[in-house]
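> What follows is a predicted protein model with its sequence.
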Amino acid sequence: MVHRLEAVYWEQIDFIYLDQFDSANADLMRHYGLRGRPIFVLLEPDGTEIARWYGAWSENEMREKLDSALAGA
């Protein structure tokens, strides 16, 4: 589902996937307080957090959240 959304929002939102077990991601995960999964964090280009969602979401729910964020709501 996330990969479908990535295709829909191509050139509007960059989707970045972090492997929580890869030590190369430890600093970034600590910086954003990421533990467990799934966690979706929407960031401004400068790294400022806009929104955070935990757990499983339907594709329609994720579309609503992403559309709302893009609209500046």
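Ah, there it is.
> Next, count neighbours for the nearest residue to M1 once chain neighbours are set aside.
Counting by Cβ to Cβ, 6 or more residues apart in numbering, M1 lies nearest to E59, which is 4.8 Å off, once chain neighbours are set aside. (Each C-beta comes from the backbone N, C-alpha and C, glycine too.) Neighbourhood size, E59 [other Cβ atoms under 10 Å]: 12.
> and what of A26?
For A26, the neighbour count with other Cβ under 10 Å is 12.
> still on that earlier bit, got a list of what the residue nearest to M1 touches?
Residues in contact with E59 (Cβ atoms under 8 Å, 6 or more residues apart in numbering) are 1, 4-5.
> For the most far-flung residue of the chain relative to its centre, report the pLDDT, please.
Among the C-alpha atoms of the chain, the one most distant from their mean position (Cα atoms, centre = their mean) is that of S23, at 19.6 Å. The predicted local confidence for S23 comes out at a pLDDT of 93.
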